[in-house]
Structure formats: C-alpha cells, structure tokens
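*Asks:* Sequence first, then the predicted structure, then my questions.
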Amino acid sequence: MEQILKLLEQNARLSAEDLAAMLDKPVEEIAALLDEAADKGYIRGYRTLVDWEALGTNTVRAVIELQVKPKKSRGFDEIADIIADFDEVESLMLISGGYDLQLVMKGRSFQEIALFVAKRLSPLDDVLSTATHFVLHTYKKDGARYVTEEPDERECN
Amino acid sequence: MDYSSLLSKRAKEMRPSGIRRFFDIAAEMKDCISLGVGEPDFKTPWAVREAGITSLERGRTCYTSNIGLKELRVEICRYLKRRMQLEYTPEQVMVTVGGSEAIDLCIRALIEPGDEVIIPEPCYVSYQPITTLTGGVPVSVPLKAENGFRLTADQLKAAITPRTKILILPFPSNPTGAVMRREHLEELAKVLRGTNVTVLSDEIYAELTYGYDRHVSIASLPEMAERTLVINGFSKAYAMTGWRLGFACGPKPLIDIMVKIHQSCIMCAPTTSQYAAVTALRECDEQIEEMRTQYDMRRRYLVKRFNEMGLTCFEPEGAFYVFPCIRSTGMTSEDFCQQLLYGKKVAVVPGTAFGDCGEGFVRVSYAYSVEHLQEATKRIESFLKEKGLQ
Ligand SMILES: Cc1ncc(COP(=O)(O)O)c(C=O)c1O
C-alpha cells in the first residue's frame, strides 16, 4: 500500500495497469488496494499542480497566522471547522509554537485578501489575532519545483 | 598539411560510435524526447558529494599513488567480498579513470598485433575500436535473442583459436539487459579452464540486476580468478559518471603491467573522486538499493508497454536498457529510429550501433523518470498506429 501511495504521490496519472506492472502484482490486487485507499481516506483526491504565476493570471496567496481561543469541549476543532469551510482557504493546519492555526489562502488581489481577513476572519469570536504574510514567489510547492525544468544535458552514449 | 596521409591508419580504422551521429540530429530538434542516454538520471548520493567537497576543503589536491589510494583499494576489496563474494587483496586492485580506462589498459596489456579478441555482440561500443587500435583482431560472436542474448559454450568453443587472447564478457549487458547466471557462467568456465584465454569481465552494471539472485562474477567460480580481469566502477551503481572512476581487479602480473601503462598515460585517477568513492563504498549500500528499486519499476513498466504495442520485448534482467524487437514493423533498425525521430521526435538507438547482429532491435534506456517514459511510449504507440502497425 505504502509503495502505491508513494508512486501516486509523485505521479497521479499512473493507471492501475501501470502500477501492477511496475510493482509486479496482479491488476486486481492493485485495483482492490486503490479502492481501499479511497474508502479509508488514504487518498484524498487527485489534483493537478497548476503554476498560476507562470500562466500570468492575477492570483495572490497569503499565509495567515492565527491565534485563537480553544474551547473547553472541542479544543481548536470548532473554530478550525468554521475557517476551513471558507472556499478561499486552501490549507489549514494546527501548529505548535508561537501561534495556533496557519492557513494559506488565495485571492485575486492583495486587497481581496485584506478584506477577507478584516471582514471574515478577524470578527470571528474566537479569533484573537491575525498576522498576514503575502507570498511573493513560489519556488516549490507540494514537493514540486515551480521552475522551468533544467534541460537534460546528458549526452547519448 | 595533409592529415589524411599523416594520421595513424589504425586510428582511422577505429569504428566510430554509431550512437552519436544520430543524436546530434536529435539535439538540434525542439521538444525531442530522448531515450538514448547510457547514464543514470539520479544525482550522486549527497554523502558522496559531500566527501568530495570535504577532500577539497582539506586541500587534498595532489596526485595519488599510480595504482590508487590504499584506503580506497581496501574498501573496494571489502565491497567485492560483501556484495559479489570475490576475494582480492589491495595489491590486485587498481583504480582507473572509469571502467573505460580499465578496458583500454587490459586490452593493451595483453594484445600483440594479430592476437584475437572475442567480442560477443551486440555490446558496448568501446571494445572493438580499442582492439583495432592495438593491432588486435576483433572476432565478433553474434548473440541470439532465443538464447536470451547470452553467450553459449558452443559459440565460445567455436570462436576460440590458437591466437585467442581475450574473451570480452560484458554482462549485465548494455544494450540488451541480458545477464549470465551462475549456471551459464559455469558452462563457459568449463571451456575456458585449461586455455590461456583471459576473460575481461566488464561488470560495470553488476549492481543493477532484477528479479533474481544477485549478480555472479565469473571470477568467483573455481579456477577462474586466475584467468579473469574484473572491471567495475562507480558510474552506474552510484550515479557517478562525471567523476570518472572505475577499477580493475585480477591476477597480479596483469594488474602490474596495467599500472605501468596507466603510469605513463594517466598518472592517477582523479584524487577528489577517489576520496568521494571511499564514502560511496562505506555508506551507500542503501542508496544504491533504492536506485535499483526505481530502475526495476521503470523496467517493468517499459516491458509491459512495448509488449502491449506489439514490439516483443525480451525480459531484460540487468543494466537500464530494454531491447525490443522491431522486426514486426518491416523496417530496419536504422529506418525505424530515423522515422520515429523525424515523425514523433523520440530518439532511441538502433541495435546495429552495437554490432551488425543488433539488426531488428532498438535500445531504449530507462534512466528517465516515469513521466518521461509515459510520454515517450505514448508517442511510439501513436507512431505505430499511424503506420498501421498496431
Ligand atoms: C558496458 C559498459 N562498460 C563500460 C562503460 C564505461 O563506463 P565508465 O567509463 O563511466 O566507468 C559503459 C558506459 O556506458 C558501459 O555501458
């Protein structure tokens, strides 16, 4: 299972047949493992890595640090659930250290993000403070380098 | 000056590599996908690079002894014992500028003009020209797909004459991916014992074998160490092609004379590389295992894809090449490669670059990422479809 997940994490376009060949297992066994991975939530989806900056569209990303008030009953989960539900929020993590939650969000402009923080996040009851850091450039994301690949300079021999 | 009359006749007669010509065209082409390289796509493991850097920081920038650093030769002996069950002392090991230099030295050390060198083909492209340059006579033995591209005892027996000096034994094979297992080697050993033929066993791909027990060296069979020169190196196993480092181990009289030649034409293998290689042998068994696992997955992927396309692919058990048969297309290897290059911008090597008996086959390297292989095989498939061949 772990091997399949590692391969797919690198390359989501491998078919069950490809995986079966690469791992020297019957296709049925691989298909069953893929079903299991989906059922149990080991695989959360298949997406494409898009470099919007390269395309030249206006997208702005920001990393926002939040200090929040945990609840006696549900700890950080309640406020995290509320924030995670915003479509603008790309990722949300509970963090150890100087603040509690880190979220990454995407917008069309700096202003849009600023407004989101001011109008949607800050007013939430349990949010104590926010610190917004705008992303200036992405070098690497989700394990992939966001640069034009270096040409393969190996000679044929 | 008219160099055509000045240049050495032997040098002019050396066969040029049949691979380059083709790839010079490919290099000029935009969006061309190559499956032609003969070197790893992995980077040298970090610990090894760091050891090289450290040796420079410490100012280890002089020549080493001609035969190579003692420390490295000791490690090579341990490595050969650990991974190939070979017993050598450091005096029987010399460090060379890649396996390439070791091949050159061995042939030059043994060959008198007119001596014969048995070369099983298709094979790596350097044995034949070096033999010619030395005044030796290359005797090619065509290997057959139906024998799994292995050299058989009968073929060997038929090729040996009173003038035979060297048998080149290049397994795991570039370009076919064939390996010789213990039982196959034993058959050859029976023919060789009691002769004066030296085996040049090019084991540069020894770490890259798949789907069966580890590589077996012919030198590990009874009475064979005394008649075998084992050549190996860091290029393929440790992804260190640019470091130019290899080694040869064998009977002391042969090694001694090879060192004498090396002393005159090379002096010593690169010092930085030698220090880095000590770390490679000490610390990187795990990394080479990981690279091997990756190659193995790509190998199975490619074999499956070619078989799906109707280009039958004999199961390669070593190195990082597959050698599919393209006879079903009715084209020659050369035509196939040319049309594939111009039609779909995919570069593979015609089997004939490795000897005439490579006709009907092409060499495909899998020293590439799976994504790269996916795209390339997709193009080959559509090439075949457009030709009505699938
Ligand atoms: C069969 C074989 N032997 C020897 C070599 C030479 O390798 P190096 O000189 O880098 O050790 C190669 C390289 O492609 C090879 O394929």
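*Replies:* Arrived safely, thanks for sending.
*Asks:* CA atoms for contacts and neighbours, from now on please.
*Replies:* Fine.
*Asks:* With chain A in mind, check whether the least confident helix or strand in chain B by mean pLDDT reaches it.
*Replies:* The weakest-scoring helix or strand in chain B, judged by mean pLDDT, DSSP states H and E, is helix B:20-28 (a mean of 77). Yes: Helix B:20-28 reaches chain A (CA under 8 Å from any CA of the partner chain) through B:20, B:23.
*Asks:* May I have the strand or helix carrying residue B:260 as CSV, with CA atoms only?
*Replies:* Using DSSP states H and E, residue B:260 sits within helix B:252-265. What follows is helix B:252-265, C-alpha atoms only, in CSV (Å, rounded to 0.1, in the frame of the first residue of the first chain):
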residue,chain,number,x,y,z
LYS,B,252,48.9,-9.5,-10.0
PRO,B,253,51.1,-9.8,-13.1
LEU,B,254,48.3,-8.4,-15.3
ILE,B,255,47.4,-5.6,-12.8
ASP,B,256,51.1,-4.7,-12.5
ILE,B,257,51.6,-4.2,-16.2
MET,B,258,48.3,-2.3,-16.5
VAL,B,259,49.5,0.0,-13.7
LYS,B,260,52.7,0.5,-15.7
ILE,B,261,50.8,1.7,-18.8
HIS,B,262,48.5,3.8,-16.6
GLN,B,263,51.5,5.4,-15.0
SER,B,264,52.6,6.7,-18.4
CYS,B,265,49.4,7.8,-19.9
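*Asks:* and the stretch 101-250 of chain B, which of its residues are near the ligand?
*Replies:* Residues of the stretch 101-250 of chain B lying near the ligand by CA under 6 Å from any ligand atom: B:124, B:170, B:174, B:202, B:204, B:233, B:235, B:241, B:244, B:246.
*Asks:* Apply 8 Å and report the result again.
*Replies:* B:101, B:103, B:123-124, B:126, B:170-175, B:202-205, B:232-236, B:240-242, B:244-246 (CA under 8 Å from any ligand atom).
*Asks:* Residue B:362 is in contact with residue B:349, correct?
*Replies:* Yes: with contacts counted by CA atoms under 8 Å, residue B:349 reaches residue B:362, the gap being 5.6 Å.
*Asks:* For those two, list the residues in contact with both.
*Replies:* When contacts are counted by CA atoms under 8 Å, 6 or more residues apart in numbering or on different chains, residue B:349 and residue B:362 have residue B:337 as shared neighbours.
*Asks:* rewinding a little: now find how far off-centre the helix holding residue B:260 is within its chain.
*Replies:* Distance, stretch centre to chain centre, for helix B:252-265: 22 Å (CA atoms, centre = their mean, to the nearest Å).
*Asks:* Give the other helices and strands that that helix contacts.
*Replies:* Applying 3 or more CA pairs under 8 Å, 6 or more residues apart in numbering or on different chains; DSSP states H and E, we find helix B:252-265 packed against strand B:93-96, helix B:98-110.
*Asks:* Is it positioned near the ligand?
*Replies:* No: Helix B:252-265 does not reach the ligand (CA under 8 Å from any ligand atom); its nearest approach is 14.6 Å.
*Asks:* Next secondary structure after that helix?
*Replies:* helix B:271-283.
*Asks:* buried stuff in that following helix?
*Replies:* Neighbour-count burial for helix B:271-283, counted by 16 or more other CA atoms under 10 Å in any protein chain shown, picks out B:271, B:272, B:273, B:274, B:275, B:276, B:277, B:278, B:279, B:280, B:281.
*Asks:* Show me what the helix or strand that that helix is followed by is in contact with.
*Replies:* Remark: after helix B:271-283, the chain's next helix or strand is helix B:285-309, criterion DSSP H and E. Helix B:285-309 is contacted from outside by A:18, A:21-24, B:42, B:45, B:207-210, B:237-238, B:312-316, B:320-322, B:324, B:366-367, B:369-370, B:373, B:377, B:381, B:384, B:390, using CA under 8 Å, 6+ apart.
*Asks:* Taking these, please make a ChimeraX selection of just the buried ones.
*Replies:* The buried subset of these, as determined by 16+ other CA under 10 Å, is captured in ChimeraX by this line:
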select /A:18,21,22,23 /B:45,207,208,209,210,237,238,312,313,314,315,316,320,321,322,324,366,367,370,373,377,381,384
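*Asks:* hang on, the earlier thing: between residue B:349 and residue B:362, tell me which one has more neighbours.
*Replies:* It is residue B:349, of residue B:349 and residue B:362, that has more neighbours when counted by other CA atoms under 10 Å in any protein chain shown, with 30 against 27.
*Asks:* Start and end of stretch A:142-157, how far apart?
*Replies:* 35 Å (CA to CA, to the nearest Å).
*Asks:* and the closest residue to chain A within the stretch 201-350 of chain B, what pLDDT?
*Replies:* Here the stretch 201-350 of chain B gets closest to chain A at one residue, residue B:297, 4.3 Å apart by CA to the nearest CA. On the pLDDT scale, residue B:297 is placed at 96.
*Asks:* Just give me the neighbour total for it.
*Replies:* Neighbour tally, residue B:297, other CA under 10 Å: 20.
*Asks:* Spit out the contact partners of the residue lying closest to residue B:105 once chain neighbours are set aside.
*Replies:* Nearest residue to residue B:105 in three dimensions, chain neighbours excluded: residue B:258, at 5.5 Å (CA to CA, 6 or more residues apart in numbering or on different chains). Going by CA under 8 Å, 6+ apart, residue B:258 touches B:105, B:106, B:109.
*Asks:* Nearest residue to the last one in space, please, no chain neighbours.
*Replies:* Residue nearest to residue B:109 in three dimensions, not counting chain neighbours: residue B:258, with 5.9 Å by CA to CA, 6+ apart.
*Asks:* What residues does chain A have near the ligand?
*Replies:* Residues of chain A lying near the ligand (CA under 8 Å from any ligand atom): residue A:157.
*Asks:* domains in the chain, as residue ranges please.
*Replies:* Because you didn't say which chain, this covers chain A. Domain assignment for chain A by automatic domain parsing gives A:2-39, A:52-138.
*Asks:* other chain: chain B
*Replies:* Split by automatic domain parsing, chain B gives B:3-43+B:286-384, B:46-284.
*Asks:* Worst mean pLDDT among these?
*Replies:* domain B:3-43+B:286-384 (a mean of 92).
*Asks:* Looking at the stretch 51-200 of chain B, what residue ends up closest to chain A?
*Replies:* Counting by CA to the nearest CA, the stretch 51-200 of chain B gets nearest chain A through residue B:125, at 8.9 Å.
*Asks:* Need phi/psi at that residue.
*Replies:* Phi and psi for residue B:125, reported as degrees, to the nearest 10, are phi -80, psi 0.
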